[in-house]
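>>> Coordinates only, no sequence provided:
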């Protein structure tokens, strides 16, 4: 009833069946996501320490972030999370065209996020709200306001790199979808790319209120 | 036989749309609440809403609710260690002075920057 008779092309030799292969790939992805959580966790810990040390400075400094741009970016990332979920849903139903459209829209949302981030960064760079010794702005009361911007740029910068990496991964998955590598039987790479993208969204869900709203 | 049905994986379209809508509504709420001064509770509310949003993303978008519970265990163990990490660090940095008087002192008193200079509180730390 088994042995190499009906083995599909995507099934690697060392797996018993497609289900086992899929579960293994997803477990691997989750372990990777765990390391990502801990990577950002170190930065969230740094945020917690400095916020506890300088609560007033954090409060004053956070007012210089643009809540509207931050909120728009939050909405953009949430919508991109929905579209990538819909892309997976489409490929589960063998709707390749729909999946291609949703993945493309996801890429556009990701690009929008980065463009908005670029405007925020250039505004701050222009005003001298920069990390560490590069900080030259004088309009913020409190001790060591440069620390807030060190944390802001490190956390959002690392997150931005993850958005960029996510765009590369989704782009790769998009090309493979266009080439017809995926169908309702096999779409694990789409699903894992989606998991990664949702994690990037999830980290921003914390970054936005912590940096823009409550400082 | 090999074509076992993937019952658990296909989630109705409406679930994704509803969760997406909930996330957008929660974003509006968290922004609105941040303009109300609740003192320290602003932080509590912000983190609470963010955690609820993250939970929606993990359970529905990332399929944790439907998938192998091993993935949930991996995810939660990561969060657990992150919690231990942050909580113990905060205890240390905020409560250390309850045990002994915290005084600033050089890590290595023989280091160059502490030689022949005035007390560290005084102007530049370095040479001259």
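Received it, and whenever you're ready, just let me know what you need. All of these numbers come straight from a predicted model, not from anything done at the bench. Residues are numbered from 1 along each chain as shown, chains lettered A, B, ... in the order given.

>>> Which element, helix or strand, includes residue A:72?
Element membership of residue A:72 [criterion: DSSP states H and E] is helix A:67-92.

>>> Buried residues, the helix or strand following that helix. List them.
Following helix A:67-92 in sequence order, the next helix or strand is helix A:96-127 (DSSP H and E). Within helix A:96-127, the residues scored as buried using 16 or more other CB atoms under 10 Å in any protein chain shown are A:96, A:99-100, A:102-107, A:109-110, A:112-113, A:116-117, A:120-121, A:124. The way it works is simple: take the backbone N, C-alpha and C, and place the C-beta from them, glycine included.

>>> and the angle for helix A:96-127 with helix A:67-92?
Interaxial angle, helix A:96-127 versus helix A:67-92 (axes from the mean of the first three to the mean of the last three CA atoms, to 10 degrees): 160 degrees.

>>> Report whether stretch A:64-73 contacts chain B.
Yes. Shown here: stretch A:64-73 in contact with chain B (CB under 8 Å from any CB of the partner chain) through A:67, A:71.

>>> Which parts of chain A are strands?
All residues of chain A lie outside strands when identified by DSSP state E.

>>> Spell out the residue ranges of the helices in it.
Under the criterion DSSP state H, helices of chain A are mapped to A:18-53, A:55-62, A:67-92, A:96-127, A:145-178, A:188-207.

>>> The ones you listed: which one's closest to residue B:70?
Of all the helices of chain A, it is helix A:18-53 that lies closest to residue B:70, at 6.4 Å by CB to CB.

>>> how far out from the middle of the chain is that closest one?
Computed by CA atoms, centre = their mean, to the nearest Å, the chain-centroid distance of helix A:18-53 equals 12 Å.

>>> So for it, what gets flagged as buried?
Quick answer for helix A:18-53 (16+ other CB under 10 Å): A:18, A:21-23, A:25-26, A:29-30, A:33-34, A:36-37, A:40-41, A:43-51.

>>> Ok, stretch B:21-39 next?
Neighbour-count burial for stretch B:21-39 flags B:23, B:24, B:26, B:27, B:30, B:31, B:33, B:34 (criterion: 16+ other CB under 10 Å).

>>> residues in contact with residue A:90?
By CB atoms under 8 Å, 6 or more residues apart in numbering or on different chains, the contact list for residue A:90 reads A:96, A:98, A:99, A:102.

>>> All set, thanks.
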